[in-house]
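Asker: here's my sequence, what's the structure:
(chains A and B)
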Amino acid sequence: MMPRRASRMGLATAALLLPVLIPARAARANPADSFGFGAHAASLGNALVASTDSLAAPAYNPASLASAARPSVQLGYLLSHAALELSGHDANVASPRGILAAFALPIRFDDDVTLALGASLYVPDRWLLRVELPAPTEPRFARLARIGSSTTFSPALALRLGSHLVLGAALELVTGATSRRFDFTLDTVTGRPRADATLDAQLPLRAAPVVGVLVTLGQRLRVGARYAARSDFDLAIDLHTHAAVAGTMIEGTLDASLRGVDLYRPATLTFGASYDVARFTFSAELAWERWSALRSAVNELRIAAALGVPLATDALAAIPADFHDVLVLRAGLERTFPLAADRALAFRAGYFFAPSPVPVQRGVTSIADGDRHAFSLGAAFSFDDFGVRQSIELAAQLQLLTPRETRKDDLLAPSSDFTSRGAIVSAQLSFRSEL
Amino acid sequence: MLWAATICAAVVSTFPHPARANPADVFGFGSEAIARGGAMTAVATDFSATFYNPAGLAFGAAPTITFGTQGVLSRLTAATPTASLHRGIEEPWSLLVGGTLPVSRTFALGFGASLLPSTFIRVLTHPADDPTFAYFDNRTQRILLLPGAAFRPFPWLSFGLAANLLAGLDGALTAAPGATNALEAATVQEFDPRVSLHAGLRVQPTESLSFGLTYRQAFDAPFREHVVTRLSGLPITLDVRQAALPTPHELSLGAALHLAPLTLSLDATWLHFAAVASAVPVVDARVSSIAITLPHTTHPFRDTVDVRVGAALENVVSPRVTLVYRAGAGFQPSMVAAQPGVSSLLDAPKLTLSAGLGVVLSHVGRHRLRIDVHAQAIGLVARRFDKRAGETSDADPARFVPDESPDPGFQTANVGYPFVTARGAVFTFGATLTLEVAP
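Answerer: Predicted coordinates for the structure are as follows:
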């Protein structure tokens, strides 16, 4: 019996380690980092690294997946409004909205070993993905404007070993890059102008690994840790044009190449604890976000033209981001009120503080940002219906951006001084069912 | 029936945007289904039901999880009088992931996905005169995501709905002098959600007889990139658009006869290819004030009716092990009309043969494990496409191959002139692993 169990545990452990062995190459910003994945997480200030919420596990700590007692599903909707200002004017930042879904499926092998599978999915309702790289000198909210702009799918698995230790792993599967190569031919055939094109456009798949551990100490205390590799979207567009335009001097080639990074989410290491006392649950955690690894926050253009006429092709040189690492603090509190044997009500509150990683903008770029204080409230009503445990959950969150004034000391800087401020409000509705 | 039809119609009208083609349409979805010739409309109950007939999800008994893989090997050839051009299929490997979850006796959820190892989607276009196999080329280079649900109000009747999810690609790129007078670029790339629906009905009047009806909504991949460069005051605008990876509206009618241990199935599918747009990109360019446009070509496709048959024979080897032998066949007429003009979209009537083996292990812990393997061959009945030389003043490049040189005599660089023959075969093979989870 022991060898079989050891074999199964070995295989499961190998499966859990697999995501770590995959190169940690780019994926993307996850709405869970800011708005919360589901109403439960949003109302607790996203402090879920030591939680037993199996349906939020792929987004916060895959080890929590093993907390599922039965197959469970969740469906929810995120609504937000970003009221961000640049120098007193609306910054025209898109307000994310989207659908959230998740499932958890426990598979028991014996009393001591449980393997759990699950996945979470976030889909913006206006686009699956939006990548935006404005001109480098244009003032803008480069970071906050991009939250919730991409679809995120995270399959996860967890392995419970005994009653105290759970290991978990997830892959954040996203489109981590786009590669487009165009070859245009503009010429004349049989007396008529002709435009022809071949193209090869890809959205390469990226898998950003996430690993987590959850340790239960006694009956009340849980300690969790999670590491998520960095995510971003590498944009690469290559354009080759051959032109021979009749009646003009234009004959030759034009080559353009654009490279840039958008939707960056830094590598993150999170430690947290959750403590149950009476009918209260208190959660707190600290996350280190490695923003300093971001190479550049603006795009880079290269152009070469040989069209038979003199053309200026000097492009702006690459500009380093110089972002710095930050520590994010999150905390949440929940109180449960049993109403009857088959009904319960819960109220929740949360807070997080996310310092800005963006340095003071003195040169060519004008990236607006600021420290964020987020306050959240929520409630959940649970009930049994047709033998199925179900709950309806609501959450509301307010993120306040600390005002920041940027003064350009460099007289040669192309853009002027600017101020940034604002708030982002969001609400979530989730429906859960434990089958 | 009426309320179900009303709901289906309402949902369909909610998602008017087409999505795109997928590998399941061309080769099948899952080893069991492919081995049975794709005749699954009246029998699919696992993750493959999200494609073949979502109503079948409600006939599944236990939660299942499926993983698998599939490979494609192309031996397609475009033969001209002077050369034989091999035509491969890009991204030949795919991974399968699926699952089903019976929520209650009357309601079930399911999910099926086909993933490419390295990309979500790949859009490829060719020059207009490049001989291309329209049925196979750039129709399978995408991921397929099919969440579905089924409702079974009576033991003999179920309805199902699945969503075929993906994105259209719409981008814009501008390069022009910025605040420092150096060239700066700005770009927005949007991937808009596209949803098309699979709606199914399954009727099982007796234990040994079942019928299925499935409608799969048409889709294609709308792709657009708009590029503007302004160098020293010279504006160059390039705009390319394409409806790539097309798949037509499809209506499948299937029947199955269960004569234990043998199951026979038959499908007939109408494919409305006549409504499919051209697979050739549309290019509009402007250099300074001079407009340059690719002559729009028309490529009349035509509707087809595919016929598929399948069989599965169970052999109980022991209380723990059951073997399932499977075989299938199908015939698909060509959907491409004659190609006398510039373009050479090739196709031919296709004969499909398939076989497979399933091994069911009944006691894996408390669970049940099924291993399925398959092999499939799609052979083309050789077909010749003759070109027609015509007047250079004719505006429709789909009708004639033009004389491209002022020299005396007929001169053309068209690869397919004077004729091109489509022939060859495509082979697929793969395996799936399905775990039936005990409560």
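Asker: which residues of the chain score low on pLDDT?
Answerer: Just so you know, I chose chain A. A:1-32, A:175-180, A:188-194, A:409-415 (pLDDT under 70).
Asker: was after chain B, sorry
Answerer: For chain B, applying pLDDT under 70 flags the ranges B:1-22, B:167, B:244-245, B:278-280, B:293-299, B:391-397.
Asker: three-state assignment of the residue in it that chain A sits nearest to?
Answerer: At 3.4 Å from chain A, B:Ala179 is the closest residue in chain B, using CB to the nearest CB. Glycine gets a C-beta too; all of them are placed from N, C-alpha and C. Assigned by DSSP: H, G, I helix; E, B strand; the rest coil, the conformation of B:Ala179 is coil.
Asker: same check, this time on the one 5 residues further on
Answerer: When classified by three-state DSSP, B:Glu184 comes out as strand.
Asker: ok, it - contacts?
Answerer: Applying CB atoms under 8 Å, 6 or more residues apart in numbering or on different chains to B:Glu184 gives the contacts A:Ala135, A:Pro136, A:Thr137, A:Leu301, A:Ala315, A:Leu316, B:Ala175, B:Ala176, B:Pro177, B:Gly178.
Asker: now the third one: how far from A:Lys408?
Answerer: With distances taken as CB to CB, to the nearest Å, A:Thr137 is found 11 Å from A:Lys408.
Asker: now the strands for the stretch 301-435 of chain A?
Answerer: With DSSP state E, counting those that start in this stretch as the criterion, the stretch 301-435 of chain A has strands at A:326-340, A:343-354, A:372-385, A:388-406, A:418-434.
Asker: looking at those, which is nearest to B:Phe400?
Answerer: strand A:418-434 (60.1 Å; CB to CB).
Asker: please export the C-alpha coordinates of the closest one as PDB.
Answerer: What follows is strand A:418-434, C-alpha atoms only, in PDB (Å, rounded to 0.1, in the frame of the first residue of the first chain):
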ATOM      1  CA  PHE A 418       1.100  67.900 -14.700                       C
ATOM      2  CA  THR A 419      -1.000  66.600 -11.700                       C
ATOM      3  CA  SER A 420      -2.700  63.300 -11.300                       C
ATOM      4  CA  ARG A 421      -5.500  62.200  -8.900                       C
ATOM      5  CA  GLY A 422      -8.700  60.300  -8.800                       C
ATOM      6  CA  ALA A 423     -10.600  57.300  -7.600                       C
ATOM      7  CA  ILE A 424     -11.700  53.900  -8.900                       C
ATOM      8  CA  VAL A 425     -15.000  52.400  -7.700                       C
ATOM      9  CA  SER A 426     -16.000  48.800  -8.300                       C
ATOM     10  CA  ALA A 427     -18.700  46.400  -7.400                       C
ATOM     11  CA  GLN A 428     -19.000  42.600  -7.800                       C
ATOM     12  CA  LEU A 429     -21.800  40.200  -7.700                       C
ATOM     13  CA  SER A 430     -21.000  36.500  -7.400                       C
ATOM     14  CA  PHE A 431     -23.100  33.300  -7.300                       C
ATOM     15  CA  ARG A 432     -21.600  30.200  -5.800                       C
ATOM     16  CA  SER A 433     -22.900  26.700  -5.800                       C
ATOM     17  CA  GLU A 434     -21.500  23.700  -3.900                       C
END
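Asker: what is that strand packed up against?
Answerer: Helices and strands touching strand A:418-434, by 3 or more CB pairs under 8 Å, 6 or more residues apart in numbering or on different chains; DSSP states H and E, are helix A:38-43, strand A:72-86, strand A:388-406.
Asker: of those, which is nearest B:Leu57?
Answerer: Closest among these, using CB to CB: strand A:72-86, at 14.4 Å.
Asker: I'd like the next helix or strand past the closest one.
Answerer: Next in sequence after strand A:72-86, counting helices and strands by DSSP states H and E, comes strand A:89-90.
Asker: in its sheet, what does that next one sit against?
Answerer: If you go by DSSP bridges, strand A:89-90 pairs up with strand A:72-86 (antiparallel).
Asker: tell me the angle the strand it pairs with makes with strand A:388-406.
Answerer: 20 degrees (axes from the mean of the first three to the mean of the last three CA atoms, to 10 degrees).
Asker: re the thing from before, go ahead and confirm the residue of chain B closest to chain A touches A:Thr137.
Answerer: Yes. Between B:Ala179 and A:Thr137 there is a contact under CB atoms under 8 Å: 4.2 Å.
Asker: report how many residues lie close to the residue lying closest to B:Tyr215 once chain neighbours are set aside.
Answerer: Excluding the flanking residues, the one nearest B:Tyr215 by CB to CB, 6 or more residues apart in numbering or on different chains is B:Ala199, at 4.9 Å. Using other CB atoms under 10 Å in any protein chain shown, B:Ala199 has 24 other residues around it.
Asker: tell me which residues form a beta bridge with B:Ala199?
Answerer: Here B:Ala199 sits in beta bridges with B:Leu161, B:Tyr215, going by DSSP bridges.
Asker: next one: A:Ala256
Answerer: In beta-bridge terms (that is, DSSP bridges), A:Ala256 pairs with A:Leu239, A:Ile303.
Asker: got the contact list for it?
Answerer: Counting by CB under 8 Å, 6+ apart, A:Ala256 has contacts A:Ile237, A:Asp238, A:Leu239, A:Leu301, A:Arg302, A:Ile303, A:Ala304, B:Ala175, B:Val227, B:Thr229.
Asker: nearest to A:Arg362, of the residues you listed?
Answerer: A:Leu301 (22.6 Å).
Asker: neighbours of that closest one, just the number please.
Answerer: 28.
Asker: now do the contacts for the closest residue to A:Glu434 other than its chain neighbours.
Answerer: Distance criterion CB to CB, 6+ apart; nearest residue to A:Glu434, sequence neighbours excluded, is A:Arg389 at 3.9 Å. Contacts for A:Arg389 (CB under 8 Å, 6+ apart) come out as A:Arg70, A:Ser382, A:Phe383, A:Ser433, A:Glu434.
Asker: A:Arg389 pairs with what?
Answerer: Applying DSSP bridges, one finds that A:Arg389 bridges with A:Asp384, A:Glu434.
Asker: for chain B, see how far away it is.
Answerer: 13 Å (CB to the nearest CB, to the nearest Å).
Asker: got TSV for the contacts of A:Arg389, with neighbour count too?
Answerer: Shown next, in TSV, are these (neighbours: other CB atoms under 10 Å in any protein chain shown):
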residue	neighbour count
A:Arg70	14
A:Ser382	19
A:Phe383	15
A:Ser433	18
A:Glu434	19
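Asker: which single one of the residues you listed is nearest to B:Asp25?
Answerer: Closest approach between the contacts of A:Arg389 and B:Asp25, by CB to CB: A:Ser433, at 32.5 Å.
Asker: tell me how far the closest one lies from A:Ala207.
Answerer: Taken as CB to CB, the span from A:Ser433 to A:Ala207 is 29 Å.
Asker: again with B:Ala199
Answerer: In terms of CB to CB, B:Ala199 sits 33 Å off from A:Ala207.
Asker: repeat that for B:Pro193.
Answerer: The value you get for B:Pro193 to A:Ala207, if CB to CB is used, is 22 Å.
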